[in-house]
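> Pasting a predicted model and its sequence here:
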Amino acid sequence: MIKMSPPARSLIFGVVFFLFLSIFSFSTTNAHSCTEGFLSEAKRRNLVATFCKRYQESNGVEIAMKLKEKPRRLDIMVGAMLEEGTGWLAWGLNPGPEARMVGTQALIGIKNKSNLLWDTYNITTYTKFGCQLLPSPIDLNISNFNFSYIDYLQYHVIKATIVLDPLKYDVSRLNHVWQVGVDVDAVGKEPKMHAKALRNYDSTETINLMTGKGRGNRVHTSNLIRQVHGVLNIIGWGTLLPIGVLIARNFREYPLPCSGWKSYHISCQSVGYIVGSAGWAVGIWLGKASKYYSFPKHGIFGICIFTFATLQMLFLKLKPDDESKCRDYRNMFHHVLGYSLLVVSCINIVKGLRIMYLDENYWVPAYFGVAGCLAFIFLVFEIVSWFNFLCDKFQLRVLCDKDTANDEANSKKVSRDDGKVQPSDTPKNN
Ligand code: HEM
Ligand code: HEM
């Protein structure tokens, strides 16, 4: 049985409670029914019998389809709000076993500065590796294909009729893929790479046209696991670890001596490490579960964070004697690694929020609020510490009242040769 100090227990309780609250405050849906405007436009074109969906978290693309059984004729209308200037909208079917980009037989509408163009494109592995994507015949029987702008909706819309080959396309497991991009080449026939965020990668679905039900390309069915990953990481690496560092730096002796600093520091770092590692493990699982895309920088930073933190935990056990030179090296290593960990964690959290496009809502300001508060407290303590240090060093008696409570703390520290103590000094008895 693991024995925990009371602060550790209350910290764990707090974390679990916060997690519980945050998980249930997230929304988990991805596809919604269409917006009223798009639905009425689809109805006007006699198109909604089978399904009409808005993919809120996938660039807000809306898709309406109608299947006519004999012959197997599929009418589609795909709409999205494109950015000002240039842009492109793509939709296609993938005859392969899975809904993914490579292998998609796509219809792409391109908006360049002066006009609208549309054509068919065969998306291959070469496209994924960055080769030009140019118009080509595709393996779909298409008619009435056009790309237009609906003024009152401010939507660009692809419309087409496809006769499905029963040998290649199973209407109960139809893989459809869509995408939105911004850049096109000067002539306007070549769409350039889309953005690399989840809202671009989650844009595939295998649908059952008989029931209208669909499933994305991920192993997990909702965003909940990603959100749990984010929350665990923010609490573990982004909140508890910095609080632990604050405690060790400022409550040890200077400027606010607190006898229990060590147990608070160890509790914060241990709980932070456990929660953060759990979040990291979920991230690794998520990375493995997404077969066709990855976030390499976020992943590498994540691995560095976990490695640094594990080294810190291991070094906790390594305690050379007080007089040994190794003691100084160990302390230096502990400090450098600790501060690097905080910086890399902060960067990776922001990267994670960007991947999920949470930087457009309250998440990034909320995280910056927490990080900013911690940084502010840190700064205030630093200023106080350095002020006291300078008072000591240069005997600025006019500025510094020597009879303050700090005298007690200062008198403890006349351990150095010159009798002066720097705020960054590390006592030997930690
Ligand atoms: C214009 C040229 C394009 C380029 C250079 C390109 C490149 C890429 C790359 C490199 C990835 C994977 C990123 C990773 O492995 O981390 C990707 C993913 C993806 N792309 Fe594209 N893409 C292009 C056009 C399209 C089009 C037209 C569509 C839709 C019809 C599309 C749909 C997707 C989807 C759904 C993913 C997620 C992974 C998957 O399902 O395979 N892309 N793209
Ligand atoms: C310091 C904190 C963080 C660490 C150490 C971390 C670690 C990781 C790792 C190792 C991966 C796997 C990468 C891959 O193989 O492609 C990952 C994926 C991911 N992380 Fe993080 N992460 C952190 C913060 C965040 C935050 C704050 C969010 C957003 C709320 C987030 C969102 C994601 C998402 C969406 C994925 C990809 C999921 C997928 O592939 O479906 N991460 N993370």
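On my side now, so go ahead. Ligands and ions are numbered 1, 2, ... in the order given.
> quick one: the helices in the stretch 101-250 of the chain?
125-128, 198-201, 224-235, 241-250 (DSSP state H, counting those that start in this stretch).
> Give the rounded mean pLDDT of the first one.
Taken as a whole, helix 125-128 carries a mean pLDDT of 96.
> same check, this time on the last one
Per-region confidence: helix 241-250 scores 90 on mean pLDDT.
> try the third one
Along helix 224-235, the predicted local confidence has a mean pLDDT of 92.
> and the angle for it with helix 241-250?
10 degrees (axes from the mean of the first three to the mean of the last three Cα atoms, to 10 degrees).
> Quick check: buried residues in helix 224-235?
225-235 (16 or more other Cβ atoms under 10 Å). Placement of C-beta: from N, CA and C, glycine included.
> neighbours around T120, how many?
18 (other Cβ atoms under 10 Å).
> Might you report the residue contacts of the spatially most central residue of the chain?
Nearest to the mean C-alpha position of the chain, by Cα atoms, centre = their mean, lies G352 at 2.2 Å. By Cβ atoms under 8 Å, 6 or more residues apart in numbering, the contact list for G352 reads 229-230, 233, 298.
> R54 versus that one, what's the distance?
Distance from G352 to R54, counting by Cβ to Cβ, to the nearest Å: 25 Å.
> for the stretch 251-400 of the chain, which spans come out with low pLDDT?
254, 319-323, 358-361, 395-400 (pLDDT under 70).
> ok, and the closest non-adjacent residue to the residue of the stretch 101-250 of the chain found nearest ligand 2?
Relative to ligand 2, the nearest point of the stretch 101-250 of the chain is G230 (2.3 Å; Cβ to the nearest ligand atom). Spatially, and ignoring its direct neighbours in sequence, G230 is nearest to G352 (5.7 Å; Cβ to Cβ, 6 or more residues apart in numbering).
> The strand or helix carrying that neighbour near ligand 1 at all?
Per DSSP states H and E, G352 falls inside helix 325-355. No. Against ligand 1, helix 325-355 shows no contacts by Cβ under 6 Å from any ligand atom, the least distance being 10.9 Å.
> what angle separates that helix from helix 224-235?
Orientation note: helix 325-355 sits at an angle of 140 degrees relative to helix 224-235 (the same axes, to 10 degrees).
> Next, the buried residues of helix 325-355.
Under 16+ other Cβ under 10 Å, the buried positions of helix 325-355 are 327, 331, 334, 338, 341-342, 344-346, 348-355.
> Over to stretch 247-265?
Per 16+ other Cβ under 10 Å, stretch 247-265 contains these buried residues: 247-256, 261, 264-265.
> Could I get the contacting residues of the residue nearest to L241 when sequence neighbours are not counted?
Counting by Cβ to Cβ, 6+ apart, G272 is the residue found nearest to L241 once chain neighbours are left out, at 4.3 Å. Contact partners of G272, counting by Cβ under 8 Å, 6+ apart, are 235-237, 239-241, 243-244.
> One more: W178?
The contact partners of W178, taken as Cβ under 8 Å, 6+ apart, are 55, 58, 61, 63, 78, 89-92, 203-204.
> near ligand 1, from those residues?
When contact is defined as Cβ under 6 Å from any ligand atom, these meet ligand 1 at 90, 92, 203-204.
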